[in-house]
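*Asks:* what's the 3D shape of this:
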Amino acid sequence: MTTLLISDLHLQPATSELTDGFLRWLDERASGAEALYILGDFFEAWIGDDLLDLGAGDPTGTAELAARVAAALKRLAEGGTAVYLMHGNRDFLLGERFATAAGARLLPDPSVVTLGDRPVLLMHGDSLCTRDEAYMAFRRQARDPQWQAQILAMPIAERLQLAKQLRDQSGEANSNKAEDIMDVTPEEVVAALRDHGVDTLIHGHTHRPAAHDLQVDGTPARRLVLGDWQPDQGWEIVVEDGTEPRLQAFPLA
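*Replies:* All right, here's what the predicted structure looks like:
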């Protein structure tokens, strides 16, 4: 059986071509897979599951997009594919209501799962970027249940504006950061593998797709990084029985 892993689609109404490509990928590629893991930043922004109540009344178009995507994932799940969703730094407010609508299960970050015949550590990847101190401070706040409850209690219109402000601030801040600050901290990768007792880590977030060989206490290990999707290209990791996880790009057009 085949297991597929993807990350960092950043779905939003402005990128309809990417959304159409993803839905085709679900029908043509993911259909029949044993499992699909989506490792965060599935949406460019998510302000709460009650967004689904707006339907066509959502001025941003995100509610209509989310309903369309959820229905497609639900069809995939009803066809026998287990669907798992992990929070990213853009969609950390995704909740059980959306997961239910998508026929999916929310997966903690980090999680150790069995892929093929071996345990593998799955993460979104942002928690590994510890040299970005400003972001790590925001991450601690954003994952705080009390802070999330306060945000979700705000009117939807205010949350939409807040999401826009956060995206603008993030883009401005990242433009002034050194490249290595926004990548993972190597020591954190080794610590994560050691702490979870595995030799393979799969994550996204950095938009730097690659397969890295490393050592953990003298033992060979691997880190596979998923790429971000573009309107003409997607990235996936494929795991088949008896094979190593394989990172590959593919055309969406």
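
*Asks:* Report the separation between the closest residue to residue 240 other than its chain neighbours and residue 28.
*Replies:* Using C-beta to C-beta, 6 or more residues apart in numbering and skipping the chain neighbours, the partner closest in space to residue 240 is residue 2 (5.3 Å). (C-beta placed from N, C-alpha, C; glycine too.) To residue 28, residue 2 is 13 Å away according to C-beta to C-beta, to the nearest Å.

*Asks:* now do residue 136
*Replies:* As judged by C-beta to C-beta, residue 136 and residue 28 stand 39 Å apart.

*Asks:* Settle it for me: which of these two has more neighbours?
*Replies:* Between residue 136 and residue 28, counted using other C-beta atoms under 10 Å, residue 136 has the larger neighbour count: 14 against 8.

*Asks:* phi, psi of the more buried one?
*Replies:* With angles defined as degrees, to the nearest 10, residue 136 sits at phi -60, psi -40.

*Asks:* Pull the contacting residues for it.
*Replies:* Contacts for residue 136 (C-beta atoms under 8 Å, 6 or more residues apart in numbering) come out as 129-130.

*Asks:* so where is the stretch 101-250 of the chain shaky, pLDDT-wise?
*Replies:* Within the stretch 101-250 of the chain, the stretches with pLDDT under 70 are 170-181.

*Asks:* Surely the residue nearest to residue 240 touches residue 242?
*Replies:* No. Applying C-beta atoms under 8 Å as the test, residue 2 and residue 242 come out as separate, 11.8 Å apart.

*Asks:* quick one, which of the two is more surrounded?
*Replies:* Per other C-beta under 10 Å, whichever of residue 2 and residue 242 has more neighbours is residue 2, with 17 against 7.

*Asks:* how near is that one to residue 62?
*Replies:* Distance from residue 2 to residue 62, counting by C-beta to C-beta: 31 Å.

*Asks:* and what of residue 8?
*Replies:* 17 Å.

*Asks:* do residue 145 as well
*Replies:* In terms of C-beta to C-beta, residue 145 sits 23 Å off from residue 62.

*Asks:* Also residue 93?
*Replies:* Residue 93 sits 12 Å away from residue 62, going by C-beta to C-beta.

*Asks:* joint contacts of the two?
*Replies:* Taking C-beta under 8 Å, 6+ apart as the criterion, residue 93 and residue 62 both touch residue 47.
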